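1. Requesting a structural model of the entry that follows:
(one chain, ligands or ions: 2)
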Amino acid sequence: MEQYTGKSIFRKIAIGRIFLYQKKESSVKREHVEDTEQEIKRFEAAKTVALGQLQRIYQKAVKDVGEDNAAVFEVHMMMMEDDDFVDSICHIITEQKVNVEYAVATTGDNFSNMFAQMDDDYMKARAADVKDISERLISVLSGRETDMGNLDEPVILMADDLAPSETVQLDKSKILAFVTRHGSSNSHTAILARTMNIPAIIGIDIQDAWKGKMAIINGYTGEVTIDPEPAYFEEMMAKKQEDEKKQELLKALKGKETVTKSGKKIHLYANIGGVKDVASVLQNDGEGIGLFRSEFLYLESEDFPTEEQQFQAYKTVAENMAGRKVVVRTLDIGADKQVDYFGLEKEDNPAMGYRAIRICLDRPEIFRTQLRALLRASAYGNISIMFPMIISVQEVLECKRILAEVKAELKDQGIAYKDVEIGVMIETPAAVWISEELGREVDFFSIGTNDLTQYTLAIDRQNAKLDSINDSHHPAVLRSIQKVIENGHKGGAWVGICGELGADTTLTKTFIDMGIDELSVSPSFILPVRDAVRGLE
Ligand code: PEP
Ligand code: MG
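-> Ligands and ions are numbered 1, 2, ... in the order given. Here you go, the predicted structure:
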């Protein structure tokens, strides 16, 4: 049994086998080798494993999506055995005396460039396939995997790092816990783990030898145990069952009001990243959705989601929430949330860069598409629209102007929509200081304490080294919250918190004393926060 300690970002226990996740675009190093025969043997062995994987994926795909759609995996198998492809790899190994990973990556690049330049559309499209098979071979060679399709049981996913765009594409039903080497407790991957209600630990040096081993993740202590001894296994199993019992007890609070003993009621909503999260909001009796991070729709996509795709997503959420409030935040892309198809340039300070509302106002065609989809969906439920990263009244007026134009356009086209509530996120010190003026322009504020802490304390929330001083309880943050509540109320706006701090039950009393109207938390925190509120005088 080996034990390592990192930083926990969600207090829960998971027990299962380890899956070592490999980033798709892993960079491959060129290394000199003397024994080229041995490298060719490694290639042959990896090819056999990869073909076996493809065969299993193909069979599963035939069952799930039919033979025609599964045919792509047959093409992959054929390509992997193609003489030209195999010869090129062996030739590079023997002629250049290099490692197999390098030979595979180079062949993959060369073949994919060659296909991309062909006139025939079918052949052009093969460029991506050849890249896919070389990546598959490289991940087999590294002992890590990119593909969870072969797994029969849920696993503990371990990776050096996970970007939000990768995390959203993982099959959540197969993940028991996350363990990463990098990442901070305020990163979006950490937030996602909380949304998924699974333990996550960061700061662990992941080792290749752990692949497939049994592990225990203790989110209470930050301990990761590999190959646990029977006594420890029993102890943790008992603790896990105790946790499950506590969860069961909290279920008694379903259907109860979120109200203090003296009758002060607050709205307790949930944060979601997509349509699939609505199920856990309903299971945990969320009274509404206080933050739908709409950019996750963009992160999951290979290209800009169309108006229709977005409309369907917002409509489904609104309908499933059956008249309860659904606050959708407009696109908050940029900083750590990157997607290739936006073509954003690399910036020195991305958190303070071209992101969120700044992109939307600069590229109004993207913004209009989203607003049209949101307004159309508003006819099917109780949608509110919220703008992120606001720093000026001017920005809000501009958002309102574009929204009015989109409404007029829909009206002309005879398309139904409702007069939705609009709000802004308070995430910057600038927004705090102009909150009195902002409050006159909008119906509500939602305080994004993750970013508000970052910008108030000048601490990059992605920087794990600064985790210990990234303190959302800092008086500067708490006084900002107090000020925003007062100013929001002066202008007639209701005020909520949708940052992670909203779920911190050590502050529930403070927020209620400050006059907060709403808290929006990850679905798994709804019942614990309700419990905390109901315990207050
Ligand atoms: C926040 O900043 O607190 C917030 C809720 O937005 P995000 O975490 O998505 O930046
Ligand atoms: Mg934010």
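2. which one's the longest strand in the chain?
-> Determined from DSSP state E, the single longest strand within the chain is strand 13-20.
3. So what are the sheet partners of that strand and their directions?
-> With DSSP bridges as the test, strand 13-20 is paired with strand 155-159 (parallel), strand 214-218 (antiparallel).
4. The helix or strand that that strand is followed by - contacts with which helices or strands?
-> As assigned by DSSP states H and E, the chain's next helix or strand after strand 13-20 is helix 36-65. Applying 3 or more Cβ pairs under 8 Å, 6 or more residues apart in numbering; DSSP states H and E, we find helix 36-65 packed against helix 67-80, helix 83-96, helix 100-116, helix 121-142. Glycine gets a C-beta too; all of them are placed from N, C-alpha and C.
5. how about these in CSV, adding mean neighbour count?
-> Below are these laid out as CSV (neighbours: other Cβ atoms under 10 Å):
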stretch, mean neighbour count
helix 67-80, 16
helix 83-96, 16
helix 100-116, 20
helix 121-142, 19
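6. Dump those into JSON lines; add distance to ligand 1 and mean pLDDT as well.
-> Output for these, formatted as JSON lines (distance: least, Cβ to the nearest ligand atom, whole Å; pLDDT from 0 to 100):
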{"stretch": "helix 67-80", "distance to ligand 1": "34", "mean pLDDT": "86"}
{"stretch": "helix 83-96", "distance to ligand 1": "43", "mean pLDDT": "94"}
{"stretch": "helix 100-116", "distance to ligand 1": "35", "mean pLDDT": "91"}
{"stretch": "helix 121-142", "distance to ligand 1": "30", "mean pLDDT": "82"}
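7. and these as a markdown table, adding distance to Ala493?
-> A markdown table is the format used below for the helices and strands packed on helix 36-65 (distance: least, Cβ to Cβ, whole Å):
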| stretch | distance to Ala493 |
| --- | --- |
| helix 67-80 | 49 |
| helix 83-96 | 62 |
| helix 100-116 | 52 |
| helix 121-142 | 48 |
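8. Looking at these, which is nearest to ligand 2?
-> Ligand 2 sits nearest to helix 121-142 of all the helices and strands packed on helix 36-65, at 32.4 Å, using Cβ to the ion.
9. how about low-confidence regions in the protein?
-> For the chain, the stretches flagged by pLDDT under 70 are 23-26, 65, 144-150, 169.
10. Skip the chain neighbours and tell me the closest residue to the closest residue to ligand 2 within the stretch 101-250 of the chain.
-> With Cβ to the ion as the measure, His188 is the residue of the stretch 101-250 of the chain nearest to ligand 2, at 9.2 Å. Counting by Cβ to Cβ, 6 or more residues apart in numbering, Pro164 is the residue found nearest to His188 once chain neighbours are left out, at 4.2 Å.
11. give me the number of residues near that neighbour?
-> Neighbourhood size, Pro164 [other Cβ atoms under 10 Å]: 22.
12. From Cys498, how far off is it?
-> Note on Pro164: its distance to Cys498, by Cβ to Cβ, to the nearest Å, is 17 Å.
13. OK, contacts around the residue of the stretch 101-250 of the chain closest to ligand 2?
-> His188 sits next to 164, 167, 336-337 when contact means Cβ atoms under 8 Å, 6 or more residues apart in numbering.
14. Closest to ligand 1 out of those?
-> Lys337 (7.9 Å; Cβ to the nearest ligand atom).
15. thought the closest one was touching Val168?
-> No. Taking contacts as Cβ atoms under 8 Å, Lys337 lies outside contact range of Val168: 9.6 Å.
16. For Glu242, what is the enclosing helix or strand?
-> Under the criterion of DSSP H and E, Glu242 resides in helix 230-250.
17. How about the backbone phi and psi for the residue of the stretch 251-400 of the chain found nearest ligand 1?
-> Using Cβ to the nearest ligand atom, the closest approach of the stretch 251-400 of the chain to ligand 1 is made by Arg293 at 5.3 Å. Dihedral angles of Arg293 (phi, psi; degrees, to the nearest 10) stand at phi -80, psi 90.
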